[in-house]
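Trainee: Here's a sequence, model it:
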Amino acid sequence: MFDLNGKIALVTGAGQNVGEGIAHALAGRGATVVVNDYHADRAQKVADEITAQGGKAVAVPFDVTDLDAVTKAFAEVAERVGTVDILVNNAGTAGPNETMKVSPFREMPVDYWRGIIDVNLFGVLNCCKAALDPMVEKGWGRLITIASGAGNVGLDMGVSTYGAAKAGAIGFMRHLAMENAPYGITANTVALGMVLRNVKDPELVKKWSDPIPVKRLGTPEDAGALAVYLASEEASWMTGQTLGLNGGTTTS
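Mentor: Below you'll find the model as predicted:
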């Protein structure tokens, strides 16, 4: 089960954290992984790690918010390894050069909105636009977007514009699923809960994990395991869904 040999998987924002975990997981099931990141050195590092472990990977850095750059990158991928079968839209948060700013909406700088919307919503649209035609031609494809619980529920955490962008991506994926189901293409979203990696402060870990029913934070490997399933042939009857991966923080 979950054999991805012969499939080309492109993971955006895969130079670290959740994207890195997804890239490793897909490679572990046999996929050739196209490791994307805005930062070329990060993408190359992850691709090198995968190949050193016996997997197949290439690094293709580009900015997901730039449609021209995305289109050129997908054409480059097609020439180097083949057209993309599996797209994982993981790039997100505040974008490549920003740290997430948390504040109530009424205090949030207006010029901060655009970057959040661009990477978390338009980045998804741009990559799906580049991926879809070859998938339709082949009659097979997997579109997976890594969103957030903030796109499903209201939170008093100062992340309103981030939540709006993620909600937009969730809704978009539902429509893509309906439009492309006849072509053997599935489209699903992972609404990710709290994932922190390499946090060394035990008090901070306890603060964030205590409210989670399973009493631990998520890991990149958790996200990778779900991505492997959604990318597989076994998930061919799963489409148009938003799956909460959050340790039970919210249930459905």
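Trainee: Just give me the residue right at the centre of this protein.
Mentor: By Cα atoms, centre = their mean, the chain has its centre lying nearest to N90, at 2.0 Å.
Trainee: Which phi and psi values does that residue adopt?
Mentor: phi -110, psi -30 (degrees, to the nearest 10).
Trainee: for A169, same thing?
Mentor: phi -70, psi -40.
Trainee: quick one, what contacts it?
Mentor: N89, N120, L121, V124, T145, A147, G151, T189 (Cβ atoms under 8 Å, 6 or more residues apart in numbering). (C-beta placed from N, C-alpha, C; glycine too.)
Trainee: Leaving out sequence neighbours, find the closest residue to it.
Mentor: Counting by Cβ to Cβ, 6 or more residues apart in numbering, A169 lies nearest to V124, which is 4.7 Å off, once chain neighbours are set aside.
Trainee: just checking, that neighbour touches T145?
Mentor: Yes: between V124 and T145 there is a contact under Cβ atoms under 8 Å: 5.5 Å.
Trainee: Which residues are in contact with each of the two?
Mentor: By Cβ under 8 Å, 6+ apart, the residues touching both V124 and T145 are N89, A169, M173.
Trainee: From the residues you listed, pick the one nearest W208.
Mentor: W208 lies nearest to A169 out of the shared contacts of V124 and T145, by Cβ to Cβ, at 23.6 Å.
Trainee: Keep only those of the contacts of A169 that are in strands.
Mentor: Among the contacts of A169, DSSP state E puts N89, T145, A147, T189 in strands.
Trainee: In ChimeraX, select just the buried ones from those.
Mentor: Buried residues among those (16 or more other Cβ atoms under 10 Å), as a ChimeraX selection:
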select :89,145,147,189
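Trainee: pLDDT averaged over the helix or strand harbouring T71, what's the number?
Mentor: Assigned by DSSP states H and E, T71 falls within helix 67-80. Mean per-residue pLDDT for helix 67-80: 98.
Trainee: buried set for that helix?
Mentor: Residues of helix 67-80 classed as buried: L67, V70, A73, F74, V77 (neighbour count, 16+ other Cβ under 10 Å).
Trainee: Spatially nearest residue to the second one, not counting backbone neighbours?
Mentor: Excluding its sequence neighbours, the residue lying closest to V70 (Cβ to Cβ, 6+ apart) is N126, at 4.5 Å.
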